[in-house]
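S.K.: A predicted structure for the sequence below; I have some questions about it.
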Amino acid sequence: MSFLAPLYVLGALGIGLPILFHLIRRQPKSTRSFSSLMFMTPSPPAVTKKSRLEQWPLLLIRALALIAIAAAFARPFVRSTAFVPPEQPTRTVFMLIDTSASMRRDGLWEQMQRAASDVIASLEPSDRVAIATFDDVMSMRLDFDAAPASEGNAKTAATAIIDELKPTWKPGRFAPAMMAAADTMSNLDADEDASNPSKVRTVVVISDMQDSESGLSELQSFAWPKDVSVQWRSLQLALKTNAFATLLNRDDASADDEAAIDKTSPGDERRVRVVNSADSTRSLFDLYWSEVDGTPIASTRISVQVAPGDQRVVSIADPPQNNNDGRMRLVLAGDDQDFDNVRYLARQPRQETQVMIIGESENTPRESLGYYLQLAPLDHAGSAVKVVSAERGRTALALSVRDTPMIVVTAQCEPNWLPILGSYLNEGGRVLWVLDASTDLLASQSQLRTLAQSPEMTIAEADKRDYAMWSRIDFRHPVFRPFDDPLFNDFSKIKFWSHRKVENADGFEAVVRFDDGSLAIAGKPIGKGSVFVMTSGWQPTNSQLALSTKFVPLLIGLLGQSSADDERMDDRWYVGRADLNGTEQPIDAPGFHDVPVEDGVLLAAVNLDPVESRGESMTDEALEQLGFRNIVGVDVQSVLTQRRLQYDVELESSQRVWQWLMVAALGFLAVESIYGGLLNRVTRRPAGE
Amino acid sequence: MTDTTTQVDPAAIMRIKDLPLRARGVVEGFLSGLHRSPYHGFSVEFSEYRPYSVGDDPRGLDWKLYARSDRYYVKRFEDETNRRCHLIVDQSKSMGYGSLAYTKAEYARTLAATIAYYLSLQRDGVGLITFAETIDQVLPAKHRPGHLRQIMAALSRPMSGSTTTLRAPLEHIAQIASRRGLVIIVSDLLVPLDDVAQSLSLLRARGHEVIILRTLDPAELRLPSDAPELIVDMETGKEMYVDPRQAAQAYAERFSAHRDSLKQICDSRGIDFFEVMTDRPLEASLFDLVAAQTRHRRASSSRGGAPR
């Protein structure tokens, strides 16, 4: 006989109380005041003859009733011979090990290995273990099924895997890894009996728990499986000072001191943001460029003072241009952790491109299209754009799209250019066909019909009105997207004195229309490239466009380059990001990489993700806010006890002994009432008589 | 002793509401009975003679005595012979006990009033100190018209104190009463006796004549009830469960031991000690007092009295 709630048995002690009260003489209710207690001796209530037990049977019945009630509350049950003790719970341990670049910090990797070994050592032969590592993605190293549950087998496999692990250079993304781990555990359960209570599922996270701000919100909205507990081993750094430098974009809008940079000689000075982590103990660092072999270039060395948790932007002169073919290394020295101290920077050779003008009319410069084109500053950081006029009567044999991103066709196009333009378009070139006032409309019409493959197209001079304006501008078009802002989208001040009417332009997409509904700019993709038709000139005799502020951005848009598209010379590529200049190239380590592009090889400087350099660790509270409770050690014994308790509860609820005890108690009470009543009558009768 | 038939039942006296009236009733009854008493002839106007010595005022010489005895005697002034009597009345809560129709305090009050009235009839100065744990009221010993009324008023006030501390009033008297006098203590004296003994010694050392009228309820001589009861101390509020069957014997023994030691203290110091039960007629107590005084006077006169 066992009890589910043995403490209730103590209630049976209650039967002692009436006996005790019965034996102790009742305290006299009457009190008497007396002048003095000087001569009194206290005489405690004593057991007297009168207070001895007289009604033995009555007391016995009452005591039995009390015992029955107490026993019923204690929920007794009988462990039958068929009792099967709950089996030893098997644990399913999913080890999630951080291999991100921050694990390269001093001593962390050894700590990780020790922690992992501890976990593996604590495994029982019946336990199942899987090992996964995560950096930017989670990857399974040891599957549950791969390690059969035989003695020592799983342990050796796991230990071997732990020994083989190496930290990567990739950023760690905790949240996706946790979600993937949860998925794995859930899928595992789906195969088996998920309600099997003798299974303990634990995800053991071994990580430096870097406080990566991104991604934790994903976990907040993630419903963590209830039966999977999380145990984390936060690795602690002994030396915490860590600073890192990032190179700022030249066009970085957040750059606060733009004037300090000499625009005329880009590349002389660079601005560097130095960030010091919050738990640093030092604040003075050195910043210098280094040679390929790591020797510092002494002339570039500067000292930077950054308070812990703060950041500072400093300027550093570029290293001297020797034969390092554009590979620059910026070193930050003076902190404890070396893994993130070098920033790589690739200086791309400045590209010379040209915009070719075909069919330049012999007008005075102020009335020619090319004049304004030449004045427009189309250069940008990566390349210098030159505007050239095709010499009359000569054609180029072939035009490379790389060298000539755009061709502008004005008044007359010599017919022998047409096949060249056709192949140029097919290779991805852009042709802007401008129909200005001096255009031979008939010739242009036939040539455009051929080039743009729209045979129905007609071009005619529009009705002479005082002026026309652009009215329906497609701001979603890439050319006009930069203007898609109430600050910039007012084109109503640009008047067009004359324009042409292009109709039946098959396949052309209207980018801009005049207020009379006729096309102003229309584009049509041909081959890899596209042809744009503009039905008005921009010179002042034709319109006010060339003199407006919209002109240059419009041309840059037509040229197919956004001004923000300047990524040739900075350190914006990080390890682990697959998308490198449009190519799907996994890059595993920081440094210089040759990326094959369409026409040649691009030197890419790949750096460590700055996220990895931030040293602060997530606190346990932060993790607990996400709904994880750190269970230190998987306590098999407590689980076992719980299982036993569950079994006992089931046993008790099936036997229901307490109900019989309650019935017995009621029976005793009934007998007591009857007996007591009889006694009363017997004792009263002599009194009455 | 006294003829008890002439004495008035104290219960009847107690039914008189007015304290002065009550006192007068007792004293008049007492005086009328006194004439028939064998102690007839004593007087407080007894004059003392002292042999003349050089430097005494010759006006005080009793010439008649000189004529009779051919010795110079100085006659004391009558004023000097007037006594100063201090009544010390216990007002503590233990005095509130009474198994009769009246309490000990009531009885003690009447007794004090009676004595005061009687003494003022003899033109003695009467003072009053009521006390409980501290001195409550003090009236100096005087013989003036209206002083008796003040004493009566003071005695009529309801009792206020809680415990009995006899030491303070006794020391107070010892301090204020420069002249020797009579000190009458009306109390139940249900207190430890060490302090009392010391204070009484002090009083006696000052030359005062001390009479103790210990007022006790008849029920206090034994335990109040036969059934076991929770008994509450009236002074301290302490409770004690007492079973008379066990405690009665001890009570009686301890009570009489206390009484004996009290008596012994009084005897050793020449203090008159009378136990006054509240069912005892008041005149009897008054008689005890007068008898005691007479005794003293005789004793003193036999020690240093003038030849007759």
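M.R.: Arrived safely, thanks for sending.
S.K.: Is residue A:246 in contact with residue A:345, as I believe?
M.R.: No: with contact defined as C-beta atoms under 8 Å, residue A:246 does not reach residue A:345; the gap is 10.6 Å. For the C-beta atoms, the positions are set from N, CA and C on the backbone; glycine is no exception.
S.K.: Chain A contacts on the stretch 101-250 of chain B?
M.R.: B:104, B:188, B:190-192, B:217, B:220, B:224-225, B:227-236, B:238-243, B:246-247, B:250 (C-beta under 8 Å from any C-beta of the partner chain).
S.K.: which residues does the closest residue in space to residue A:99 that isn't next to it in sequence form a beta bridge with?
M.R.: With sequence-adjacent residues excluded and distances taken as C-beta to C-beta, 6 or more residues apart in numbering or on different chains, residue A:99 is closest to residue A:133, at 4.4 Å. Judged by DSSP bridges, the bridge partners of residue A:133 are residue A:97, residue A:139.
S.K.: contacting residues for residue A:133?
M.R.: Counting by C-beta atoms under 8 Å, 6 or more residues apart in numbering or on different chains, residue A:133 makes contact with A:96, A:97, A:98, A:99, A:139, A:141, A:165.
S.K.: residues near the first one, how many?
M.R.: A total of 23 residues lie near residue A:96 under the criterion other C-beta atoms under 10 Å in any protein chain shown.
S.K.: I'd say it and residue A:175 touch.
M.R.: No: using C-beta under 8 Å, residue A:96 makes no contact with residue A:175, being 11.9 Å away.
S.K.: right, and residue A:127 touches residue A:94 too?
M.R.: No: the pair residue A:127 and residue A:94 fails to qualify as a contact (C-beta under 8 Å) at a distance of 11.2 Å.
S.K.: residues in contact with the host helix or strand of residue B:154?
M.R.: Assigning secondary structure by DSSP states H and E places residue B:154 in helix B:147-156. Contact with helix B:147-156 is made by B:19-20, B:23, B:87, B:89, B:109, B:112-113, B:116-117, B:120, B:126, B:128, B:130, B:137, B:139, as judged by C-beta under 8 Å, 6+ apart.
S.K.: hey, where'd the helices end up in the stretch 51-200 of chain B?
M.R.: B:63-69, B:78-81, B:104-121, B:147-156, B:167-176, B:193-205 (DSSP state H, counting those that start in this stretch).
S.K.: So among the contacts of residue A:133, which ones count as buried?
M.R.: With burial judged by 16 or more other C-beta atoms under 10 Å in any protein chain shown, the buried subset of these is A:96, A:97, A:98, A:99, A:141, A:165.
S.K.: Which of those sits closest to chain B?
M.R.: residue A:96 (73.6 Å; C-beta to the nearest C-beta).
S.K.: Tell me which residues touch that closest one, please.
M.R.: A:132, A:133, A:134, A:138, A:177, A:178, A:181, A:203, A:204, A:205, A:206, A:207.
S.K.: Pretty sure residue B:280 sits against residue B:10.
M.R.: Yes: using C-beta under 8 Å, residue B:280 is in contact with residue B:10, at 6.7 Å.
S.K.: So which of these two has more stuff around it?
M.R.: A count of neighbours by other C-beta under 10 Å puts residue B:10 above the other of residue B:280 and residue B:10, at 25 against 19.
S.K.: Which phi and psi values does the more buried one adopt?
M.R.: Main-chain torsions, residue B:10, degrees, to the nearest 10: phi -60, psi -30.
S.K.: one step back: least confident pick among the buried ones among the contacts of residue A:133?
M.R.: Among the buried ones among the contacts of residue A:133, residue A:141 carries the weakest pLDDT, at 83.
S.K.: Other residues contacting the helix or strand containing that one?
M.R.: Per DSSP H and E: residue A:141 is located in strand A:138-142. Defining contact as C-beta under 8 Å, 6+ apart, one finds that strand A:138-142 is touched by A:96, A:129-133, A:157-158, A:161, A:165, A:176-177, A:180-181, A:184.
S.K.: In helices only, show me these.
M.R.: A:157, A:158, A:161, A:176, A:177, A:180, A:181, A:184 (DSSP state H).
S.K.: okay, now the first one: neighbour count?
M.R.: Just to be clear, that refers to residue A:157. Residue A:157 has 18 neighbours, counted by other C-beta under 10 Å.
S.K.: Need the distance between the two termini of stretch A:274-294.
M.R.: Using C-alpha to C-alpha, to the nearest Å, the span of stretch A:274-294 from its first residue to its last is 20 Å.
S.K.: quick one: residue B:209 from chain A, how far?
M.R.: Residue B:209 sits at a distance of 28 Å from chain A (criterion: C-beta to the nearest C-beta, to the nearest Å).
S.K.: For that residue, which residues are in contact?
M.R.: B:180, B:181, B:182, B:183, B:296.
S.K.: And residue A:201, by the same measure?
M.R.: So residue A:201 contacts A:91, A:92, A:94, A:185, A:188, A:189, A:225, A:227, A:228, A:229 (C-beta under 8 Å, 6+ apart).
S.K.: make it 10 Å
M.R.: A:90-94, A:128, A:185-186, A:188-189, A:194, A:225, A:227-230, A:634 (C-beta atoms under 10 Å, 6 or more residues apart in numbering or on different chains).
S.K.: Equivalent analysis for residue B:127, please.
M.R.: By C-beta under 10 Å, 6+ apart, the residues touching residue B:127 are B:84-88, B:116, B:138-142, B:147, B:151, B:173, B:176-177, B:181, B:183.
S.K.: Give me the nearest residue to it, chain neighbours excluded.
M.R.: Ranked by C-beta to C-beta, 6+ apart and with sequence neighbours excluded, the top spatial neighbour of residue B:127 is residue B:141, at 3.2 Å.
S.K.: The one you found and chain A, how far apart?
M.R.: 29 Å.
S.K.: okay but that residue is in contact with residue B:180, surely?
M.R.: No: counting by C-beta atoms under 10 Å, residue B:141 stays clear of residue B:180, with 11.5 Å between them.
S.K.: between these two, which one's more packed in?
M.R.: Set side by side, residue B:141 and residue B:180 show more neighbours around residue B:141, with 25 against 12, by other C-beta under 10 Å.
S.K.: what's the spacing between the more buried one and residue A:610?
M.R.: 108 Å (C-beta to C-beta, to the nearest Å).
S.K.: With residue A:205 instead?
M.R.: Taken as C-beta to C-beta, the span from residue A:205 to residue A:610 is 23 Å.
S.K.: Same question for residue A:473.
M.R.: 39 Å.
S.K.: now swap in residue A:402 and tell me
M.R.: 32 Å.
S.K.: and what of residue A:153?
M.R.: For residue A:153 relative to residue A:610 (C-beta to C-beta), the value is 42 Å.
S.K.: more neighbours, those two?
M.R.: Taking other C-beta under 10 Å, residue A:153 and residue A:610 do not tie; residue A:610 has more neighbours (17 against 12).
S.K.: Give the full set of residues in contact with the more buried one.
M.R.: So residue A:610 contacts A:171, A:244, A:245, A:246, A:273, A:275, A:340, A:343, A:571, A:574 (C-beta under 10 Å, 6+ apart).
S.K.: what comes up buried for the helix or strand containing residue A:671?
M.R.: Using DSSP H and E, residue A:671 sits in helix A:657-688. Neighbour-count burial for helix A:657-688, counted by 16+ other C-beta under 10 Å, picks out A:657, A:658, A:661, A:664, A:665, A:668, A:669, A:671, A:672.
S.K.: can you check stretch A:297-309 too?
M.R.: A:297, A:300, A:304, A:306.
S.K.: How many neighbouring residues does residue B:231 have?
M.R.: Residues near residue B:231, counting by other C-beta under 10 Å: 25.
S.K.: Actually, residue A:164.
M.R.: By other C-beta under 10 Å, 8 other residues sit near residue A:164.
S.K.: how does chain B divide into domains?
M.R.: When chain B is parsed with automatic domain parsing, its domains come out as B:4-38+B:83-290, B:49-78.
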